[in-house]
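Colleague: Any chance you can model this:
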Amino acid sequence: QVQLKESGGGVVQAGGSLRLACAASGRTFSSYAMGWFRQAPGKEREFVAAISRNGVSTSYTNSVKGQFTISRDNAKNTVYLQMNSLKPEDTAVYSCAAKFSPSTIAVETLGYNYWGQGTQVTVSS
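Modeller: From the prediction side, this is the model:
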């Protein structure tokens, strides 16, 4: 089992940047594919980005390609989401998620088992 805790959210003006971090407990972080999701007020949770166990493969939803970057540091049990050129429509609660994966290179966009509580990102216009 893995426990996840996000940090780095806050209020930023449009065009600004934030870096979210998700710290995982346990000694098997490298066994999990990781993802970031977000939920805006009144909307369903949506996939944002995912990264494979070894960090080589990544995937993004179309709306954040070229704007957000997901990365991970397995030595620190942490996954990051660098968010640049933020827009008001990026306002949401951002949550990280973990899924045990037998593949070191596969990215997962569905079926996550473990979730953090989320961190609020608010982008003002």
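
Colleague: Determine which residue lies closest to the centroid of the chain.
Modeller: The centroid of the chain falls nearest to residue 36 when counting by Cα atoms, centre = their mean (2.5 Å).

Colleague: Distance-wise, check it relative to residue 95.
Modeller: To residue 95, residue 36 is 7 Å away according to Cβ to Cβ, to the nearest Å. All C-beta atoms are positioned from the backbone trio N, CA, C, and that covers glycine.

Colleague: just residue 15 next, same as before
Modeller: Counting by Cβ to Cβ, the gap from residue 15 to residue 95 is 24 Å.

Colleague: Pull the number of nearby residues for the residue nearest to residue 124 when sequence neighbours are not counted.
Modeller: Using Cβ to Cβ, 6 or more residues apart in numbering and skipping the chain neighbours, the partner closest in space to residue 124 is residue 13 (5.5 Å). Per other Cβ atoms under 10 Å, the neighbour tally for residue 13 reads 10.

Colleague: And for residue 111?
Modeller: Neighbours of residue 111 under the rule other Cβ under 10 Å: 11.

Colleague: what does residue 41 give?
Modeller: Look at residue 41: counted by other Cβ under 10 Å, it has 7 neighbours.

Colleague: mind checking the SS state of it?
Modeller: coil (DSSP: H, G, I helix; E, B strand; the rest coil).

Colleague: Residue 15 and residue 95: which is more packed in?
Modeller: residue 95 (22 against 11).

Colleague: Could you look up the SS state of that one?
Modeller: Put simply, residue 95 is strand when judged by three-state DSSP.

Colleague: Give me the pLDDT for the residue nearest to it when sequence neighbours are not counted.
Modeller: Nearest in space to residue 95, with sequence neighbours left out and distances taken as Cβ to Cβ, 6+ apart, is residue 118 at 4.2 Å. Looking at residue 118, its pLDDT stands at 98.

Colleague: I'd like the distance between residue 118 and residue 112.
Modeller: Distance, residue 118 to residue 112, using Cβ to Cβ: 13 Å.

Colleague: and the closest residue to residue 92 other than its chain neighbours, what does it touch?
Modeller: Once flanking residues are discounted, residue 92 sits nearest to residue 38: 3.8 Å by Cβ to Cβ, 6+ apart. Residue 38 makes contact with 45-46, 48, 90, 92-95, 121, according to Cβ atoms under 8 Å, 6 or more residues apart in numbering.
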